[in-house]
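A.B. asks: Give me a model of this one.
(one chain, ligands or ions: 1)
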Amino acid sequence: MHYLSTRGDATPRKFCEILLEGLAPDGGLYLPEHYPQVDAPTLAKWRPLPYADLAFEVLSLYIDDIPADDLRAICRKTYSQEVFGTREIVPLRKLEDSPVAGARAPLYLEALSNGPTLAFKDMAMQLLGNLFEYELARRGEQLNILGATSGDTGSAAEYAMRGKAGVRVFMLSPNGRMSPFQQAQMFSLQDDNIHNIAVEGVFDDCQDIVKAVSGDLAFKRRYKIGTVNSINWARLMAQVVYYFAGYFQATVQAPAPGAAPEKVSFTVPSGNFGNVCAGHVAHMMGLPIDQLVVATNENDVLDEFFRTGVYRVRASADTHETSSPSMDISKASNFERFVFDLLGRDGARVKALFGDALAKDGRFDLSAEPAFVQAAQRYGFVSGKSTHADRLATIRDSFERLGVMVDPHTADAVKVAREHLVAGVPMIVLETALPIKFAQTIVEALGREPDRPARFDGIEQLPRRVTLMIADATAVQAYVAQHCK
Ligand SMILES: *Cc1c(COP(=O)(O)O)cnc(C)c1O
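C.D. replies: Model (predicted):
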């Protein structure tokens with residue numbers, strides 16, 4: 001398997017070449033040159049597999065430069081009951097049989113948030129940590145990961161990289177702006193290779209510093225600076241696996257020979273479009289998906305596109321701070337991958353849209369394109385939006401009527417899922433975090449504290465390892481240099 005760039009650079013690259021890279025040299029995102037096809041007999045063969053072995057089957061279609069035995073061992077080490085808390089890794093639980101047009105559709109939650117940091121980002125980041133350690137050891141190299149986080153990404157990266165040979169993490173976060181639980185999760189890590197830097201500023205300041213430091217090519221090369229953001233293909237690929245696992249759990253039986261396979265739909269709480277883009281890849285591989293429902297919060301860049309065909313990047317001033325903060329985006333960094341497929345993999349057009357039109361006008365319009373109609377018809381994409389009031393109402397309704405406590409992001413998806421039910425088609429909502437990460441909103445909705453897994457008791461009282469710093473790229477560079485000896 002080779003990888004190419006969404007902006008037209010077709011220099012063939014292998015998986016391990018792009019693993020440690022961010023953007024392609026032409027500014028595009030990496031995608032496989034084709035999507036391997038999974039037919040009905042293969043689906044039947046995969047159905048009974050434990051999650052780690054299913055992951056190996058999916059990943060080995062995309063990775064041919066790691067020996068199979070090594071890749072299988074990496075998958076088994078990553079997706080264990082010890083790390084993810086259950087044997088199923090992503091257990092499915094039925095919320096209810098929801099009424100729709102005089103009939104019913106089963107509504108499920110797929111739990112992606114039982115990993116070390118209680119958010120779905122662990123699903124990919126844990127794998128990335130093990131792949132990085134493997135590949136760096138093989139090359140005899142080191143990597144210093146520099147990132148900015150408003151919460152979930154940073155802690156998932158730190159828990160994935162802690163104690164790993166050859167890797168250091170320097171994670172910037174806006175001082176005092178993450179939830180108290182998220183701060184405790186990150187700052188209580190005592191591993192030597194993890195560095196928390198609390199920046200006096202907002203998330204955008206952190207991101208600007210990362211951009212400035214990464215833009216200093218001499219510094220970047222000298223200190224082997226890398227990233228783990230959601231545009232990394234390995235993260236996306238890891239996420240493809242749980243779409244298969246969710247499908248197998250919601251459809252108990254394999255179809256009779258010759259019969260059409262049963263379809264399911266997924267609703268995905270979306271920000272940077274990384275999670276739902278993995279659903280698109282699973283769909284393109286042949287997983288029988290009916291709809292991919294993109295759920296947004298008040299930051300409705302994606303909902304606007306799927307409703308109107310207009311993609312319009314928001315200015316900072318128009319990006320809202322909401323109670324589902326991990327979906328607060330001004331643009332969706334993985335969206336370019338889907339548009340590349342939508343436009344028949346025309347790299348020149350994608351470059352004109354994402355490279356030129358967005359830089360010049362901050363928007364582009366595909367509403368007059370036949371391809372835009374295909375977003376729904378051929379690719380199954382539909383969308384919806386949820387607000388703070390919807391979120392509170394959904395958290396309350398789920399808890400009081402169904403006895404299930406959902407986090408604010410998952411609540412956005414449950415709300416939007418109900419708007420897209422089709423009689424008889426299972427609807428799987430991806431649960432992307434546990435309520436304990438966002439206690440303030442749970443208390444606002446329910447008047448009580450969220451449940452806390454026992455292993456997090458007293459986490460706020462643990463000693464903290466964090467360095468406070470002014471919002472200045474030079475100061476961060478000095479810190480990195482000093483800690484890379
Ligand atoms: C990151 C995150 C999302 C958004 O996922 P994308 O891949 O950026 O679309 C949703 N919910 C939670 C809890 C997250 O951490």
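A.B. asks: Going by C-alpha atoms from here, please, whenever you check contacts or count neighbours.
C.D. replies: OK.
A.B. asks: Can you give me the distance of the closest residue in space to M161 that isn't next to it in sequence to R168?
C.D. replies: Residue nearest to M161 in three dimensions, not counting chain neighbours: G129, with 5.2 Å by CA to CA, 6 or more residues apart in numbering. Distance, G129 to R168, by CA to CA, to the nearest Å: 11 Å.
A.B. asks: Can you check which residues contact both of the two?
C.D. replies: By CA atoms under 8 Å, 6 or more residues apart in numbering, G129 and R168 have these common neighbours: M161.
A.B. asks: Please list all residues in contact with T467.
C.D. replies: Per CA under 8 Å, 6+ apart, neighbours of T467: H195, N196, I197, A198.
A.B. asks: Same question for T394.
C.D. replies: Contacts of T394 by CA under 8 Å, 6+ apart are A411, D412, V414, K415.
A.B. asks: May I ask which helix or strand encompasses it?
C.D. replies: Assigned by DSSP states H and E, T394 belongs to helix 388-402.
A.B. asks: Mind listing what's buried along that helix?
C.D. replies: For helix 388-402, burial by neighbour count (16 or more other CA atoms under 10 Å) applies to H388, D390, R391, L392, A393, T394, I395, R396, D397, S398.
A.B. asks: Tell me if I'm right that the third one and D412 touch.
C.D. replies: Yes - the pair formed by R391 and D412 meets the contact definition of CA atoms under 8 Å, at 5.7 Å.
A.B. asks: re earlier: so which of the contacts of T467 are in strands?
C.D. replies: H195, N196, I197, A198 (DSSP state E).
A.B. asks: Could you check how far E460 is from I194?
C.D. replies: Taking CA to CA, one finds E460 at 18 Å from I194.
A.B. asks: what would the contacts of T394 look like in CSV with pLDDT?
C.D. replies: Listed next are these as CSV, based on pLDDT from 0 to 100:
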residue, pLDDT
A411, 98
D412, 98
V414, 98
K415, 98
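A.B. asks: Among those residues, name the ones in helices.
C.D. replies: Mapping these onto helices (DSSP state H) picks out A411, D412, V414, K415.
A.B. asks: Filter these down to the buried ones.
C.D. replies: A411, D412, V414, K415.
A.B. asks: now, which of those residues sits nearest K437?
C.D. replies: For those, the minimum distance to K437 (CA to CA) is 13.7 Å, reached by A411.
A.B. asks: Pull the contacting residues for the closest residue to T153 other than its chain neighbours.
C.D. replies: Distance criterion CA to CA, 6+ apart; nearest residue to T153, sequence neighbours excluded, is K121 at 6.5 Å. For K121, the contact set (CA under 8 Å, 6+ apart) comprises S113, D152, T153, A156, T432.
A.B. asks: In the residues you listed, which has the lowest confidence score?
C.D. replies: Scanning those for pLDDT, the low point is D152. It has 84.
A.B. asks: From V58, how far out is that one?
C.D. replies: The value you get for D152 to V58, if CA to CA is used, is 25 Å.
A.B. asks: got it, and E135?
C.D. replies: Applying CA to CA to E135 and V58 gives a distance of 19 Å.
A.B. asks: Please apply the same query to E336.
C.D. replies: For E336, the distance to V58 (CA to CA) stands at 23 Å.
A.B. asks: got the residues of the stretch 1-150 of the chain near the ligand?
C.D. replies: Within the stretch 1-150 of the chain, the positions near the ligand by CA under 6 Å from any ligand atom are A119.
A.B. asks: in the stretch 1-150 of the chain, which spans are helices?
C.D. replies: 15-19, 40-46, 51-60, 68-78, 81-84, 121-139 (DSSP state H, counting those that start in this stretch).
A.B. asks: so for the second one, what's the average pLDDT?
C.D. replies: The reference is to helix 40-46. According to the model, helix 40-46 has a mean pLDDT of 94.
A.B. asks: and that helix, how far from the chain's centre?
C.D. replies: 26 Å (CA atoms, centre = their mean, to the nearest Å).
A.B. asks: What is the neighbour count of N229?
C.D. replies: Other residues near N229 come to 20 when the count uses other CA atoms under 10 Å.
A.B. asks: OK, contacts around it?
C.D. replies: So, once contact is read as CA under 8 Å, 6+ apart, N229 ends up touching G22, G147, T153.
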